[in-house]
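# Sequence and predicted structure, then a few things I'm wondering about:
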Number of protein chains: 2
Amino acid sequence: MATVSRVLNQKGYVHEDTVQKVHKAIEMLKYVPNDVARSLSKKSTKTIALFVPDITNPFFNELALAVEKVSQMYGYTTILCNTNESSKIERQYIQTLKQKYIDGFLMASNTLSEDEIEQLQVPMVAVDRVSSPSVPTVSSKNREGAHLAVQALLKQGCTKIAHIRGPKGIWIAEERCQGYLDLVEDLPWFTPKLVVNGNFQLKAAIEAVNKLFDAHPDIDGIFAGNDMMAIGALRALQERGIRVPDQVQVIGYDGIPLTEMVYPELSTVSQPIYEMGMLAARILIKKIEQQPLDEVNHKLEVELIQRGTTRQR
Amino acid sequence: MATVSRVLNQKGYVHEDTVQKVHKAIEMLKYVPNDVARSLSKKSTKTIALFVPDITNPFFNELALAVEKVSQMYGYTTILCNTNESSKIERQYIQTLKQKYIDGFLMASNTLSEDEIEQLQVPMVAVDRVSSPSVPTVSSKNREGAHLAVQALLKQGCTKIAHIRGPKGIWIAEERCQGYLDLVEDLPWFTPKLVVNGNFQLKAAIEAVNKLFDAHPDIDGIFAGNDMMAIGALRALQERGIRVPDQVQVIGYDGIPLTEMVYPELSTVSQPIYEMGMLAARILIKKIEQQPLDEVNHKLEVELIQRGTTRQR
DNA sequence: AAATAATGTGTAACCGGTTACCTATTTCGA
DNA sequence: TCGAAATAGGTAACCGGTTACACATTATTT
């Protein structure tokens, strides 16, 4: 028994002849090790959990694909947890998974307080969210991305730009909103009413745009906090008979595949979603395996992609 | 030890006073049972796996949400497995998960042969796929759904209807295609060239439509094997400057949320996706817990929803 | 050539639960 | 009032691995 274990784990001294014999026996008996027993004694399951707020958003699909890919490469299994941004669900998942000896958490959704995070005692990495300073974070340059979008709108003739922002309290929403404000706050046409709240989902954006245009029919540019809301805005505009991009230009944020599925195709600030997922997964696995981390916070570059909803020269 | 176990599992005789004492002690010590140890002796992990071919398709998102919901209600954890319709990946997942004592498989993707399925020795249910006769299946009335779509197109003035079908060998694709053929095969304008292959993804449908219209510019109706392809068709038509629904009417299949995000909104044959997921999960859990199943094959009703891509009277 | 180090393998404890089985006490019918 | 049945709770085996440790053998050093 011990020798077989040593052969399989390549640990301790085993004579080469014995290794061969063991392998032959394993083949003959079609022996397959039992991972649960292994986990029990090793106190590790080679499993990580990815928490996302909304699996329905293609952004998180792509992220999940990337995480899955990397974790598989390193022999890990991934569990996807949909939290709906509810701390109750999130806590419940964490509780269940800790009981199951989960090895690490990858949080793209985070409703926990810093205290709770400190108490976790399980390695954790945040993607596209900031949580506690002790948690490594992978995100992109949101503020700069917002600058790119607003700059382009201004340069391409917009004279009144609205912003549909993501939920309050969510770091990336704040950053993107701040990036918008940086460039327009001091312009003569600006008024705080041009910033409306959304929840990163399509429906809310439709309502937001309708309210916005009822009050300010002269808006000719919209920067949305993410692509789903930009697509909602586009829908609302089309329904009102407003021509995009002739009358109103729209830019989203994320660069999800959906941007190329609508017509006209959506201009957007594209994040390297797949890379973010891979990087975050690698960092988490490093942490789990107690390897030293070089950097703790990663801010990846973004890129403005102009397509059919803007009038690029 | 044994008594505590009995209290927690409500099994065997335990005096009421002792139960109270145990609960008090659990609270004081903040005792949390170890699920891995429990799994080892019970040979069950309270975990099921959902296999999907393409997590990027909203259809499977919704399915996953439903499965997750039900499994959580019954105390199960769900693992999502993206197979890309590759039997290599699928087999690898199955191998890994069996080693981890997975309790059941829910297959919305299936590349395995009947033999392999028989050998599995783990409860299994198929959704939207048919596999082996011994496996309970949840699907919808695909052929009837196709009839609804094609009937509507015919009634609403189409005189030449093409079909972009799903991949060969996938049962639902065959059924939907057959449903189309049932109604048009004997019409004077019909030719087999009007049926083109797709892979259920958007990109392929764009190419398919372009090829189709190069050869048959007089097509005035398209029935796509799923919504993703219908949206691809819509995109291709819009790019060609063809007006939908005035010149060409389009109907998809599935009823994913995306159908309401494009403009014009897509007409579609809507399946009760969420119910299918819940039903399949319930059946799987019943099987796992060795409860008797009433029926083995479930075919749910579908419904034609006419929106902006058809000319309903 | 003897002492020491390196190599090879088996035994048993351990991970943290579940449960069969045993013994002790209480309940209850005849 | 006695014995069977029901209730209560403890002991130890078991799930299937990992690994510290003991002991045997072989290789190396002086």
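That came through fine. Numbers count the residues shown, from 1 in each chain, chains lettered A, B, ... in the order given.
# hey, let's count contacts and neighbours off CA atoms from now on
Will do.
# all strands of chain A, in order?
A:47-52, A:77-82, A:104-107, A:124-127, A:137-140, A:161-165, A:195-197, A:221-224, A:249-254, A:267-270, A:297-300, A:303-305 (DSSP state E).
# Put together CSV for those, with mean neighbour count, distance to residue B:135 and mean pLDDT on each row.
Converted to CSV, the strands of chain A look like this (neighbours: other Cα atoms under 10 Å in any protein chain shown; distance: least, Cα to Cα, whole Å; pLDDT from 0 to 100):
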stretch, mean neighbour count, distance to residue B:135, mean pLDDT
strand A:47-52, 25, 29, 97
strand A:77-82, 22, 25, 96
strand A:104-107, 25, 35, 97
strand A:124-127, 27, 39, 96
strand A:137-140, 25, 43, 95
strand A:161-165, 26, 48, 98
strand A:195-197, 19, 48, 97
strand A:221-224, 28, 47, 98
strand A:249-254, 28, 41, 98
strand A:267-270, 26, 44, 98
strand A:297-300, 15, 47, 95
strand A:303-305, 19, 47, 98
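# To residue A:97, which of the ones you listed lies closest?
Set against residue A:97 and scored by Cα to Cα, these come closest in strand A:47-52, at 8.1 Å.
# circling back: out of the strands of chain A, which is closest to DNA strand D?
strand A:47-52 (15.6 Å; Cα to the nearest atom of the strand).
# The strands of chain A: which one's closest to residue B:288?
Of all the strands of chain A, strand A:77-82 comes closest under Cα to Cα, at 20.6 Å.
# got the angle between that closest one and strand A:47-52?
With axes from the mean of the first three to the mean of the last three Cα atoms, to 10 degrees defining the directions, strand A:77-82 sits at 20 degrees from strand A:47-52.
# Counting by contacts, list what strand A:77-82 packs against.
strand A:47-52, helix A:58-73, strand B:77-82 (3 or more Cα pairs under 8 Å, 6 or more residues apart in numbering or on different chains; DSSP states H and E).
# could I get these as TSV with distance to residue B:186?
Below are the helices and strands packed on strand A:77-82 laid out as TSV (distance: least, Cα to Cα, whole Å):
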stretch	distance to residue B:186
strand A:47-52	50
helix A:58-73	42
strand B:77-82	40
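# can I get those in JSON lines with distance to DNA strand C?
Output for the helices and strands packed on strand A:77-82, formatted as JSON lines (distance: least, Cα to the nearest atom of the strand, whole Å):
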{"stretch": "strand A:47-52", "distance to DNA strand C": "17"}
{"stretch": "helix A:58-73", "distance to DNA strand C": "25"}
{"stretch": "strand B:77-82", "distance to DNA strand C": "17"}
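# Quick one: list the elements packing against the helix or strand of chain A with the lowest mean pLDDT.
Least confident helix or strand of chain A, by mean pLDDT, DSSP states H and E, is helix A:114-119 with a mean of 88. Contact analysis of helix A:114-119 by 3+ Cα pairs under 8 Å, 6+ apart lists no helix or strand as a packing neighbour.
# Tell me which residues are up against it.
A:131, A:132 (Cα atoms under 8 Å, 6 or more residues apart in numbering or on different chains).
# tell me which residues of that helix are tucked away?
residue A:117 (16 or more other Cα atoms under 10 Å in any protein chain shown).
# circling back: output the strands of chain A in JSON lines; the columns should cover distance to DNA strand D.
Output for the strands of chain A, formatted as JSON lines (distance: least, Cα to the nearest atom of the strand, whole Å):
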{"stretch": "strand A:47-52", "distance to DNA strand D": "16"}
{"stretch": "strand A:77-82", "distance to DNA strand D": "17"}
{"stretch": "strand A:104-107", "distance to DNA strand D": "19"}
{"stretch": "strand A:124-127", "distance to DNA strand D": "23"}
{"stretch": "strand A:137-140", "distance to DNA strand D": "30"}
{"stretch": "strand A:161-165", "distance to DNA strand D": "50"}
{"stretch": "strand A:195-197", "distance to DNA strand D": "52"}
{"stretch": "strand A:221-224", "distance to DNA strand D": "51"}
{"stretch": "strand A:249-254", "distance to DNA strand D": "42"}
{"stretch": "strand A:267-270", "distance to DNA strand D": "44"}
{"stretch": "strand A:297-300", "distance to DNA strand D": "32"}
{"stretch": "strand A:303-305", "distance to DNA strand D": "46"}
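# Of those strands, which is nearest residue B:187?
strand A:267-270 (44.0 Å).
# where does chain A have low pLDDT?
A:313 (pLDDT under 70).
# Report the residue ranges of every domain in it.
A:2-33, A:45-139+A:273-300, A:142-271 (automatic domain parsing).
# out of these, nearest to residue B:306?
Across these, closest to residue B:306 is domain A:142-271 (Cα to Cα), at 17.1 Å.
# now do the same end-to-end measure for that closest one.
9 Å (Cα to Cα, to the nearest Å).
# now stretch A:267-277
23 Å.
# same deal with stretch A:73-86?
31 Å.
# what's in contact with it?
Contacts of stretch A:73-86 (Cα under 8 Å, 6+ apart): A:46-55, A:64, A:67-68, A:71-72, A:89-90, A:93, A:109-111, B:78-80.
# likewise stretch A:89-100?
Residues contacting stretch A:89-100 (Cα under 8 Å, 6+ apart): A:45, A:81, A:83, A:111, B:32, B:33, B:34, B:35, B:36.
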